[in-house]
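Engineer: what's the 3D shape of this:
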Amino acid sequence: MSTVLNLGSNSVLAFMSITASLALLLFIILIGVLFDILGVAATAGEEAPFHAMASKKVPGAKRAIWLVRHADGVSTFCNDLVGDVVGTLSGALGVAILLQLRANAQRLPEALANTLMVALIAAVTVGGKALGKNMAITKSTTILLITGKILHFFDQIGVKLRSLVAKNKRR
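Structural biologist: Got it, this is the predicted structure:
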């Protein structure tokens, strides 16, 4: 999956300005941070508030219950799988951006440029995840309900996510 995404993003970067490439890099890092927040929220979440909401037919409450009951799998997917792919992709995008910069400014010292790019990617990723973890723990109910509503919307338009159709398990 990361290979396909990497090839696609590098192909797109060839036609983008450096500013647009940096915006794409930040967007990809943001995806990683958001999935990290979801994984932590699923782990920290409690079922009880969603049972009350489900009894009142609140859209997304049943999906939120599913997320809490399957917190181990949700966390593995969001934190590990998506996190690793986004980390690999952001590193590859960083290299592609560096190559663009070096082509436009030959006087830019390579070691300095590499260090600054790695520092930028690491700071935004680690900083975003650190801020997100606290929010995920304290606002897990809200985060899971919003995610449940998004999943409910996909159900309504006919998009079935296979892993979400599995039998529910108790937590």
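Engineer: quick check: mean pLDDT of stretch 71-85?
Structural biologist: The average pLDDT within stretch 71-85 is 95.
Engineer: that one: end-to-end distance?
Structural biologist: 20 Å (Cα to Cα, to the nearest Å).
Engineer: mind listing the helices for this protein?
Structural biologist: 2-13, 18-44, 48-55, 61-69, 71-75, 83-104, 110-138, 140-156 (DSSP state H).
Engineer: single out the most deeply packed of those helices.
Structural biologist: Of all the helices of the chain, helix 61-69 carries the top mean neighbour count, a mean of 23, counting by mean count of other Cβ atoms under 10 Å. For glycine as for every other residue, the C-beta is placed from the backbone atoms N, C-alpha and C.
Engineer: give the residue farthest from the middle of this protein.
Structural biologist: Relative to the mean C-alpha coordinate of the chain, counting by Cα atoms, centre = their mean, the farthest residue is residue 107 (35.6 Å).
Engineer: residue 81 is in contact with residue 32, correct?
Structural biologist: No: counting by Cβ atoms under 8 Å, residue 32 does not reach residue 81; the two are 10.9 Å apart.
Engineer: what sits against residue 79?
Structural biologist: For residue 79, the contact set (Cβ atoms under 8 Å, 6 or more residues apart in numbering) comprises 35-36, 39-40.
Engineer: what sits against residue 51?
Structural biologist: 61, 65.
Engineer: distance of it from residue 86?
Structural biologist: Look at residue 51 and residue 86: by Cβ to Cβ, to the nearest Å, they are 33 Å apart.
Engineer: now do residue 16 against residue 23, distance only.
Structural biologist: Counting by Cβ to Cβ, the gap from residue 16 to residue 23 is 9 Å.
Engineer: for residue 153, see how far away the residue nearest to residue 97 when sequence neighbours are not counted is.
Structural biologist: Counting by Cβ to Cβ, 6 or more residues apart in numbering, residue 21 is the residue found nearest to residue 97 once chain neighbours are left out, at 5.0 Å. Distance, residue 21 to residue 153, using Cβ to Cβ: 31 Å.
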